[in-house]
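# I'd like to go over a predicted model; first the sequence, then the structure.
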Amino acid sequence: MDDAAQCRALSDPAERLACFDRTVAALAAARENGDITLLDRARVRATNRSLFGFTLPKLNLFGDRDGDPRAEGEVVREVESVIRDVAGAGPGLYVLRLADGSQWRLTETARFAPRAGETISIRRGALTSYRASIAKGRSLSIVRER
């Protein structure tokens, strides 16, 4: 993309067109070879949402977006979903499968058993922790399994 930006600086129309043609041909070849993948913001948001809850190394997959106001919507701080399935995991502990296919385990005992069909809101806690609120109840510690 930097090469394409440099083409804009050329004053001769024929040189500029030739520069753009070379750059676009190189981009098209790289895309066809699988060397690059272009993502729009909607796909970046969807990918970030699907990875929410996993502890991953800081890979900088989508560029250094810290402090960029345009990237604000790409950072997932909370997800809301519906519980599809509940399985016991010990006294007061449960494994929850959500509508998006993700699976989470409560690591703090719940006063009441969660039920399929209830809404759940999961937000980032301190450091690498996550907190879940089921049916707008009290916040419980939770970890993502898959």
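Cool, the structure landed. Residues are numbered from 1 along each chain as shown.
# from here on, contacts and neighbour counts on C-alpha atoms
Fine.
# Can you tell me the element the residue nearest the centre of the chain falls in?
In the chain, the centroid-proximal residue (Cα atoms, centre = their mean) is residue 48; its distance is 0.6 Å. Under the criterion of DSSP states H and E, residue 48 resides in helix 41-51.
# Could you give me the buried positions within that helix?
Using 16 or more other Cα atoms under 10 Å as the test for burial, helix 41-51 gives 44, 45, 48, 49.
# The last one is in contact with residue 77, isn't it?
This points to residue 49. No. Here residue 49 lies out of contact with residue 77, judged by Cα atoms under 8 Å, at a distance of 9.0 Å.
# which residues does residue 112 contact?
Residues near residue 112 by Cα atoms under 8 Å, 6 or more residues apart in numbering: residue 92.
# on that earlier part again, my read is that the residue nearest to the centre of the chain contacts residue 76, right?
Yes. Between residue 48 and residue 76 there is a contact at 6.5 Å, judged by Cα under 8 Å.
# which stretches of this protein form helices?
Remark: helices assigned in the chain by DSSP state H are 2-7, 13-33, 41-51.
# Dump the C-alpha coordinates for the shortest one into CSV.
Output for helix 2-7, consisting of C-alpha atoms alone and laid out as CSV, is shown next (Å, rounded to 0.1, in the frame of the first residue of the first chain):
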residue,chain,number,x,y,z
ASP,A,2,3.0,2.3,0.6
ASP,A,3,4.0,1.8,-3.0
ALA,A,4,0.5,2.9,-4.2
ALA,A,5,0.7,6.0,-2.0
GLN,A,6,4.1,6.8,-3.6
CYS,A,7,2.5,6.6,-7.1
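# mean confidence score for it?
Mean pLDDT, computed over helix 2-7, is 88.
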